[in-house]
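J.: Turn this into a structure:
(chains A and B)
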2 protein chains.
Amino acid sequence: MAEKMKRTEIKSLLSGEQTGKEVIVKGWVRTKRGSKNVSFIALNDGSCIHNIQLVVENANFNEELLEKISSGSCLSAKGKLVESQGSGQKVEIEVSELEVLGEANPEKYPLQPKKHSLEFLREIAHLRFRTNTFGAVNRIRHAMIFAIHDYFNSRGFYNIHTPIITGSDAEGAGETFKVSNFDFHNIPKMEDGEIDFKKDFFGKEANLTVSGQLEAELAAMALGKVYTFGPTFRAENSNTTRHLAEFWMIEPEVAFADLDENMDLGEDLLKHLIQYALKNCKDDLDFLNKRLEDEEKVKKKEDRSPMGLIERLQFIAENNFERVTYTEAIDILRNSKPNKKKKFNYIIEGWGADLQSEHERYLVEKHFNKPVILYDYPKDIKAFYMRQNEDGKTVRAMDILFPGIGEIVGGSQREERLEFLEKRMQEMNVPAEELWWYLDLRKFGTAPHSGFGLGFERLMLFVTGMGNIRDVIPFPRTPKSAEF
Amino acid sequence: MAEKMKRTEIKSLLSGEQTGKEVIVKGWVRTKRGSKNVSFIALNDGSCIHNIQLVVENANFNEELLEKISSGSCLSAKGKLVESQGSGQKVEIEVSELEVLGEANPEKYPLQPKKHSLEFLREIAHLRFRTNTFGAVNRIRHAMIFAIHDYFNSRGFYNIHTPIITGSDAEGAGETFKVSNFDFHNIPKMEDGEIDFKKDFFGKEANLTVSGQLEAELAAMALGKVYTFGPTFRAENSNTTRHLAEFWMIEPEVAFADLDENMDLGEDLLKHLIQYALKNCKDDLDFLNKRLEDEEKVKKKEDRSPMGLIERLQFIAENNFERVTYTEAIDILRNSKPNKKKKFNYIIEGWGADLQSEHERYLVEKHFNKPVILYDYPKDIKAFYMRQNEDGKTVRAMDILFPGIGEIVGGSQREERLEFLEKRMQEMNVPAEELWWYLDLRKFGTAPHSGFGLGFERLMLFVTGMGNIRDVIPFPRTPKSAEF
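T.: Residues are numbered from 1 along each chain as shown, chains lettered A, B, ... in the order given. The predicted structure follows:
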């Protein structure tokens, strides 16, 4: 084999520009079929969802070599790229040299060319990248990661790495994981029996972050426009299709922005990302579109989604989101059929109720039939740091609700007035001494500012049409599960 | 004030295109000086290192308002952007409307316009973003983050989010942090006295990741070319200017790549990033260049760096890295002056010695006077997963060494042969049962592949010329410190 002739990626081969040339391709066998004389091998190298067909004249190769080729084995093949005789592909390779880099014993290789359940594939998450579905999902995941950085970079935002390990769990966004290097056989205690965290690595109790927002605010109040994109954690025992113990969040924070500008940014970002996917991930989306179609077919007619995946993405990208106050939403819900007929599990009695997923979905999927931005929520169901409205009852919060997903973005204008913030912290038992630095921001050069959190895996669910959040992150962490 | 007239960022104002127009600017006061009649206010909004000068005719404004303006206070100012009369700036704003968004009591605001020590600024990391130095560092940090994603994206790599919480500490790269939601007052134990990790959140012992490499390999062997960019952790009690408990790493992993291609990728990536900084961060680098120059002046002549910051960056971007085998390096070191004169703390006696920082720096800064890639290290000082050479003594490892920094990249070709890997794991007591999935990769469609880890904060030290790693990450985590 030519000493330093480089492999060409399948994505590039399929573009057709190298037809007629001698090429080297390397990848993993998806299927092998053929006759006594010819073998047809579908090879995939991950550069795109499509395979390249290798055409192997059996007589030209050692029988033993050919027997080593099966689904999952890894090949290096050299040959001429030619227009394909058969249907189903534009080009194929007439193989002249063939090497098996790694076999995959068909008796033992778990990924045979047949339909596997998503549950089974989760158990072999180390291999599921090699399926069409997870190849597509992970290529789209990358595209969304890049599009997010590109969106913010081109608009003058700075990415800030907020800390993963934090000394304060002051936000109260949920149960946190402890981080420690204590010997669990021998946890040091003080005389009064309390844990002696001074002896732990950080000299104090430490947790995994639930959000980078508070630290992002610090950066925004100096650099202007910032965003985080990092892992966040919840130690909640939720075994659902929507929850992970470890998930990624994007949190922009903008100095001088009010809630309207915050809503504008959230809507624009989501539309941009979906447009980016439609433009840059066409082949993978086509595959997932078909996959979802097949999945819907087995459902009862009334449970089927009214739109296909791609149609749904286009719909979001092209239509304005409906902006509705919480108060208006409560009116709509109170007068809705499912509320009057007591079809909701939680009946909306009046103002102040926390909205459940069923209510959000009613608003988005039945009433407005498009994404909805709810804003100006009652202060009692929202976090301490949100800016109070003059009515004394509501805060400048906003949630963006998506069909099938529910809340995909949650944000607010932040309370920039020291006296309001301090009062609210006291009322909600948020320890001021732990958040001295957050309060400092209101003492020294405070200004209006706003931001939100976008759950990256929620976005991925929407963009890929997958139904379980464990299938849109490579290695999901959930209760009783941290394999790989 | 015009209802929805938007603020213009200072970076854009200074480009000069809006001269003669009415603008709104918002930002934080760096300094205020002037006479009885006129005040000159230097305002910064983080969009760039430069301030815009506000010219305020005192007679036009309420005295009380003007008194509220001091270093650190936050202003919104409207006025005409005009060519500057004074020296030091091209344009300035003749202010017609002025609002103090937030005061900063000069008696209490810690960031007065004078030189503060880096140690002091670390204690107020929530405010240090507002200094020239940390503004510059964090803007460059963002630029490097973006450049990394852009580099890999445009070359067909996929970003993979490898898990932060892992159930195995098999890599043995150092001490790990435990992640738990046990009640520390009441750790559940089994009958034999061992900790009952089945009762912990993940049903097993869980740690913070020390590297995403092993999981990145899983993705590379399906998607072809991948990279990670995420936080990694070491629970080591190292209080040095080079160590953090939480730091960010970039780990590309490439299927079918050998060690040569791995070295090519590492060198190309580093040069690209440095070129990107030189091109896109000019103003911030000019400032840091000057800063370093001033810092060097107080040093003794022999301790001064032979090159300035920008000169050094240009030198790296333009010169090839020297590639030297470990064996050659040992010969050079053994015959070196400091070794013969016993100036090294660790005298190099012969082959097999682990290189210390002093040796790496001798090679880079004295002998070759450029970045050095050392490769083919003795297997006994390297990790179990590195590919063994035919000599039975060395492995296909490579480290890239930078002046002033030492190791900035560490990588290897991975052992793709099952029997070699299993033998080495046994010899090094790496538990095969925990890494069943890593071994599966060698059983099913194995192939040569390579990758490396680039320490992001080490890169940041080099690009910014800062001397302490705690100053190139927004909120450093170190022994006994997890504030903010």
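
J.: So residue A:182 sits against residue B:184, correct?
T.: Yes: contact criterion C-beta atoms under 8 Å: residue A:182 and residue B:184 qualify, at 7.3 Å. Placement of C-beta: from N, CA and C, glycine included.

J.: Now name the helix or strand holding residue A:291.
T.: For residue A:291, the element it lies in under DSSP states H and E is helix A:282-297.

J.: helices or strands up against whatever helix or strand comes next after that helix?
T.: Toward the C-terminal end, the helix or strand that comes next after helix A:282-297 (DSSP H and E) is helix A:309-318. Contacts defined by 3 or more C-beta pairs under 8 Å, 6 or more residues apart in numbering or on different chains; DSSP states H and E place helix A:309-318 against helix A:259-280, helix A:282-297.

J.: how about the ones you listed, which one is nearest residue A:419?
T.: Closest approach to residue A:419 among the helices and strands packed on helix A:309-318 (C-beta to C-beta): helix A:259-280, 20.3 Å.

J.: Could you check the angle the closest one makes with helix A:282-297?
T.: Compare the direction of helix A:259-280 with that of helix A:282-297 by axes from the mean of the first three to the mean of the last three C-alpha atoms, to 10 degrees and you get 100 degrees.

J.: got the CA positions of helix A:259-280 in CSV?
T.: Taking C-alpha atoms only, helix A:259-280 is exported to CSV below (Å, rounded to 0.1, in the frame of the first residue of the first chain):
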residue,chain,number,x,y,z
LEU,A,259,-36.7,41.2,29.8
ASP,A,260,-37.9,42.1,26.2
GLU,A,261,-34.4,42.0,24.9
ASN,A,262,-33.9,38.7,26.8
MET,A,263,-36.9,37.2,25.1
ASP,A,264,-35.7,38.5,21.7
LEU,A,265,-32.3,36.9,22.3
GLY,A,266,-33.8,33.5,23.4
GLU,A,267,-36.1,33.4,20.4
ASP,A,268,-33.5,34.5,17.9
LEU,A,269,-31.0,32.0,19.3
LEU,A,270,-33.4,29.1,19.1
LYS,A,271,-34.5,30.0,15.5
HIS,A,272,-30.9,30.4,14.5
LEU,A,273,-29.9,27.0,15.8
ILE,A,274,-32.8,25.2,14.1
GLN,A,275,-32.0,27.0,10.9
TYR,A,276,-28.4,25.9,11.2
ALA,A,277,-29.4,22.3,11.7
LEU,A,278,-31.7,22.4,8.7
LYS,A,279,-28.9,23.8,6.6
ASN,A,280,-25.9,21.9,7.8
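
J.: For chain A, which element, helix or strand, carries the lowest mean pLDDT?
T.: Of the helices and strands making up chain A, the lowest-confidence element is helix A:357-361, at a mean of 93, by mean pLDDT, DSSP states H and E.

J.: Run through who's touching it.
T.: For helix A:357-361, the surrounding residues in contact (C-beta atoms under 8 Å, 6 or more residues apart in numbering or on different chains) are A:329, A:333, A:338, A:344-346, A:348, A:372, A:401, A:403-404, A:406-407.

J.: please redo it, this time with the cut-off set to 6 Å
T.: A:333, A:344, A:401, A:406 (C-beta atoms under 6 Å, 6 or more residues apart in numbering or on different chains).

J.: between the residues you listed, which is nearest chain B?
T.: residue A:406 (22.5 Å; C-beta to the nearest C-beta).

J.: which ones are touching that closest one?
T.: By C-beta under 6 Å, 6+ apart, residue A:406 lies in contact with A:357, A:360.

J.: bridging residues for it?
T.: Residues in a beta bridge with residue A:406, per DSSP bridges, are residue A:402.

J.: same check, this time on residue A:54
T.: Residue A:54 forms beta bridges with residue A:41, residue A:93, as assigned by DSSP bridges.

J.: For it, which residues are in contact?
T.: Listed by C-beta under 6 Å, 6+ apart, the contact partners of residue A:54 are A:41, A:43, A:77, A:93, A:95.

J.: what does the model give it for pLDDT?
T.: Residue A:54 carries a pLDDT score of 97 in this model.

J.: gap between it and residue B:156?
T.: Here the criterion is C-beta to C-beta, to the nearest Å. By it, residue A:54 lies 21 Å from residue B:156.

J.: tell me which parts of the stretch 101-250 of chain A are close to chain B?
T.: Taking C-beta under 6 Å from any C-beta of the partner chain as the contact definition, the stretch 101-250 of chain A meets chain B at A:101-102, A:104, A:109, A:126, A:129-130, A:142, A:145-146, A:149, A:153, A:158-160, A:163-165, A:167, A:177-181, A:184, A:187, A:195, A:201-203, A:206, A:218-219, A:222-224, A:231, A:235, A:246.

J.: what's near enough to touch the closest residue to residue A:316 other than its chain neighbours?
T.: Among residues not flanking residue A:316 along the chain, residue A:274 sits closest, at 5.5 Å (C-beta to C-beta, 6 or more residues apart in numbering or on different chains). Residues in contact with residue A:274 (C-beta under 6 Å, 6+ apart) are A:313, A:316-317.

J.: among the contacts of residue A:54, who's most crowded?
T.: residue A:41 (28 neighbours; other C-beta atoms under 10 Å in any protein chain shown).

J.: Settle this for me: it is touching residue A:32, isn't it.
T.: Yes: with contacts counted by C-beta atoms under 6 Å, residue A:41 reaches residue A:32, the gap being 5.0 Å.

J.: buried stuff in stretch A:267-279?
T.: The neighbour-count check on stretch A:267-279 (16 or more other C-beta atoms under 10 Å in any protein chain shown) flags A:267, A:269-278 as buried.

J.: can you pull out the strands in the stretch 151-300 of chain A?
T.: Remark: strands assigned in the stretch 151-300 of chain A by DSSP state E, counting those that start in this stretch are A:158-159, A:165-166, A:178-180, A:207-208, A:225-233, A:246-255.

J.: Turn those strands into TSV, including mean pLDDT and distance to residue A:117.
T.: Shown next, in TSV, are the strands of the stretch 151-300 of chain A (pLDDT from 0 to 100; distance: least, C-beta to C-beta, whole Å):
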stretch	mean pLDDT	distance to residue A:117
strand A:158-159	98	38
strand A:165-166	96	37
strand A:178-180	96	35
strand A:207-208	96	31
strand A:225-233	98	28
strand A:246-255	98	23
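
J.: Residue A:397 falls within a helix, correct?
T.: No: Residue A:397 is assigned strand when assessed by DSSP: H, G, I helix; E, B strand; the rest coil, not a helix.

J.: Quick check: bridge partners of it?
T.: residue A:412.

J.: Am I right that it is in contact with residue A:384?
T.: No: if you go by C-beta under 6 Å, residue A:397 and residue A:384 don't touch, sitting 11.6 Å apart.

J.: Same drill for those two, tell me which one is more crowded.
T.: Using other C-beta under 10 Å as the criterion, residue A:397 and residue A:384 rank with residue A:397 on top: 25 against 20.

J.: Quick one: residues contacting that one.
T.: A:377, A:382, A:386, A:412.

J.: again, only using 10 Å
T.: Residue A:397 is in contact with A:259, A:262, A:326, A:374-379, A:381-383, A:386-387, A:389, A:410-413, A:452, counting by C-beta atoms under 10 Å, 6 or more residues apart in numbering or on different chains.

J.: swap in residue A:96?
T.: Counting by C-beta under 10 Å, 6+ apart, residue A:96 touches A:1, A:22, A:56-57, A:60-61, A:77-80.

J.: Check residue A:206 too.
T.: Contacts of residue A:206 by C-beta under 10 Å, 6+ apart are A:163, A:165-169, A:176-181, A:197, A:200, B:177, B:245, B:477, B:482.

J.: and with 7 Å instead?
T.: A:165-167, A:179, B:482 (C-beta atoms under 7 Å, 6 or more residues apart in numbering or on different chains).

J.: remind me which residues of the stretch 51-200 of chain A are low pLDDT?
T.: Scanning the stretch 51-200 of chain A for pLDDT under 70 picks out the ranges A:169-174.

J.: what about the helices in it?
T.: Taking DSSP state H, counting those that start in this stretch as the test, the helices found in the stretch 51-200 of chain A are A:63-67, A:118-123, A:132-154.

J.: what packs against the longest one?
T.: It stands for helix A:132-154. Contacts defined by 3 or more C-beta pairs under 7 Å, 6 or more residues apart in numbering or on different chains; DSSP states H and E place helix A:132-154 against helix A:259-280, helix A:282-297, helix A:456-464, helix B:132-154, strand B:158-159, helix B:213-223.
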